[in-house]
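S.K.: For reference, the sequence and a predicted model appear below.
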Amino acid sequence: MNSARLRVAAAVTVAAAAGLTLTAPASATPFTPKPAAVETTAPVWKGLYQTAYSERNDVLWATASTGRPPVTQTALLKLDPDTLEVLDTFIPPVVDEATGAREAVYGVDVDDENNTVWVTNTRDNGVAVYSQRTGKHLASLPNVGHAREVVVDEKRDLAWATSYNGGEVVAFDTDTFEEKKRIAVEGAGFMGLALDENTGKVYASDLNSPRIAQFSPYKDEVVKFHPAGAGAISVSLSRNGRTAYTANQTDGTVSVVNLNTGTVTATVPTGAGALSVATDERTGKLVVANRVAATVSVVDPRTGAVQDLPTQKNPNHVTVVDGTAYVLDKSGAGADGFDLGYRIDLGH
C-alpha cells in the first residue's frame, strides 16, 4: 500500500458538522473502499500549467510556459491520456519580434463541438483559440487582464474567462469568437471557473475575498455571491450542480458550499497551498493539488475522509475524467528538468 493516509478523525468531524451519519445498518455487508493510487508518473515538459480532456479526440491537452516576460518558451501539448506521452507540440505565435516573446499559454479548456482548444494568455492579457485537428492558431482575443482560467459551455456556444486584474468574467461566442459579455465586480480578483452544463450557470472563485460569484448566460450582472474560504483560487461543482467546492490557497482547505442555501457546510483541511480542485462525477470524490505541501488529496465530501498522495514539489493543476485524475507539477524533477505529470486511479 502506498504512503497515503486516511484521516478518519477528520471524516468524523466533518460528517458531524454536515449532519451526516456514518453508521451502516447492522445487516449491511462491510465495504472496504479501494484507495486512490498513482498509476503513471512521467516527465512531460518544462513549465507545465493546466490540462483539459477532449472526449471527442481522446487526448489530454496541456499548456506549458517558462519564465517571466518576455516568455519565449511556451507550448500547447497534445498528450496520450494513458501514458502521458507527448503526441504533438504546437508553438504559439511570436508577439514581439524584438524580444522573441510568444503568446504564452496557461489556462486551457476544449470545445469538442467545434473541435477547438481555448487557452488563456495570462501574460498577454487575452485568450486564444487553436484547432484540435491541426493545432493551427485561429484567433487571439485581447483585453482580458491577467486572464487565468477558461471554461467552454458547448450547449450555449460560450467560452468564459476570468480576468484577475480587471475583476471581470468575459464570455466569447465559440463560433464567431465575438465578445458577448463582460461583467466586472469592483475589488474582485476572479481566478477559478466552474460550469454547470445543465443550467449554464458559471461560478468564479474570488482570490481577493472569501467568496464565489455566480453568473448566468442570460444576465449581465452577478446573480449572487456564495461564501468560501480564504484565498479561494479554484472551484468545482458536484454532479448535480447543487454544491460547490473551493480550494482555498490561504487556508490550505476545501470549502463545501451549499449553493441552494448559500452556506459553507464543511471545511476540510487538505494541505498547505491548496491550489486546484476537481470533482470526479463517477464517485463524487474531490481531488486537490496542494502546492506547498507537495501532495494530492483525495477527499470524500460525504464523510470528510482524506487520502494524501505525495508528489514532487509544486503540484499545480488537476483534471478528473471518469475515475482518473491527471495532475501536473512544476517540480523540474524529470529528465532534462522537465515537470511531471501523474495519472491517478481514484479507486472506489
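M.R.: Great, that's in hand.
S.K.: In the stretch 201-348 of the chain, where is pLDDT below threshold?
M.R.: Flagging of the stretch 201-348 of the chain using pLDDT under 70 yields an empty set of residue ranges.
S.K.: And stretch 250-270, end to end?
M.R.: In stretch 250-270, first residue to last residue: 12 Å (CA to CA, to the nearest Å).
S.K.: May I see the buried residues of that stretch?
M.R.: 251-259, 264-270 (16 or more other CB atoms under 10 Å). Where C-beta positions appear, they are placed from N, C-alpha and C, glycine not excepted.
S.K.: Which residues does that stretch contact?
M.R.: Stretch 250-270 is touched from outside by 10, 14, 17-18, 212, 214, 224-232, 241-248, 271-274, 277, 286, 288, 290, 292-293, 295, 297, 299, 301, 304, 306, 308, with contacts defined as CB atoms under 8 Å, 6 or more residues apart in numbering.
S.K.: Give me the subset of the residues you listed lying in strands.
M.R.: 212, 214, 224-227, 232, 243-248, 274, 277, 286, 288, 290, 295, 297, 299, 306, 308 (DSSP state E).
S.K.: ok now the host helix or strand of residue 194, how far from the chain's centre?
M.R.: With elements delineated by DSSP states H and E, residue 194 resides in strand 190-195, which encompasses its position. Relative to the centre of its chain, strand 190-195 is centred 8 Å away, using CA atoms, centre = their mean, to the nearest Å.
S.K.: what helices or strands is that strand leaning on?
M.R.: Other helices and strands packing on strand 190-195, by 3 or more CB pairs under 8 Å, 6 or more residues apart in numbering; DSSP states H and E, are strand 147-153, strand 158-163, strand 168-173, strand 202-206, strand 232-237, strand 243-248.
S.K.: Can you tell me what sits against the last one?
M.R.: I take that to be strand 243-248. If you take CB under 8 Å, 6+ apart as the criterion, strand 243-248 is touched by 192, 194, 203, 205, 210, 212, 226, 228-238, 254-259, 270, 274-277, 279, 286, 288-289, 301.
S.K.: now stretch 101-108
M.R.: Applying CB under 8 Å, 6+ apart, the set of residues contacting stretch 101-108 is 49-52, 61-65, 69-72, 74-76, 91-95, 117-124, 126, 128, 137, 140, 147-150, 161.
S.K.: Ends of it, what's the gap?
M.R.: OK, stretch 101-108 end separation, CA to CA: 20 Å.
S.K.: Against residue 33, how distant is residue 45?
M.R.: 34 Å (CB to CB, to the nearest Å).
S.K.: try residue 105
M.R.: Taking CB to CB as the measure, residue 105 and residue 33 are separated by 37 Å.
S.K.: More neighbours: these two, which one.
M.R.: residue 105 (32 against 14; other CB atoms under 10 Å).
S.K.: Leaving aside the residues adjacent along the chain, what's closest to residue 66?
M.R.: Spatial nearest neighbour of residue 66, chain neighbours left out: residue 47 (3.5 Å); criterion: CB to CB, 6 or more residues apart in numbering.
S.K.: quick one: contacts for the closest residue to residue 181 other than its chain neighbours?
M.R.: When the adjacent residues along the chain are set aside, residue 181 lies closest to residue 171, with 4.0 Å between them (CB to CB, 6+ apart). Residues near residue 171 by CB under 8 Å, 6+ apart: 158-161, 179-182, 217.
S.K.: Give me the pLDDT for residue 171.
M.R.: Looking at residue 171, its pLDDT reads 98.
S.K.: next one: the one 4 residues further on
M.R.: Model confidence at residue 175, expressed as pLDDT, equals 98.
S.K.: And residue 25, by the same measure?
M.R.: 40.
S.K.: How much space separates residue 258 from residue 240?
M.R.: In this structure, residue 258 and residue 240 are 12 Å apart, going by CB to CB.
S.K.: again, but for residue 89
M.R.: Counting by CB to CB, the gap from residue 89 to residue 240 is 38 Å.
S.K.: before we move on, what about residue 338?
M.R.: Taken as CB to CB, the span from residue 338 to residue 240 is 39 Å.
S.K.: Look at these two and report which has more neighbours.
M.R.: With neighbours defined as other CB under 10 Å, residue 338 and residue 240 compare such that residue 338 has more, 19 against 10.
S.K.: Identify the residues contacting the more buried one.
M.R.: If you count contacts by CB under 8 Å, 6+ apart, residue 338 has them with 43-46, 332.
S.K.: Just the ones of those residues in strands?
M.R.: With DSSP E as the criterion, strands contain 43-45 from among the contacts of residue 338.
S.K.: which residues are in contact with stretch 138-150?
M.R.: Judged by CB under 8 Å, 6+ apart, the contacts made with stretch 138-150 from elsewhere in the structure are 50, 93, 103, 106-109, 116, 118-122, 124-131, 159-166, 168, 170, 172, 177, 179, 190-193.
S.K.: which of the residues in stretch 105-118 are buried?
M.R.: By neighbour count on 16+ other CB under 10 Å, the buried set for stretch 105-118 is 105-111, 114, 116-118.
S.K.: One more: stretch 220-234?
M.R.: For stretch 220-234, a neighbour-count test (16+ other CB under 10 Å) marks 222, 226-229, 231-234 as buried.
S.K.: Leaving out sequence neighbours, find the closest residue to residue 175.
M.R.: If you skip the residues right next to it in sequence, residue 175 has residue 157 as its closest partner in space, 5.6 Å away by CB to CB, 6+ apart.
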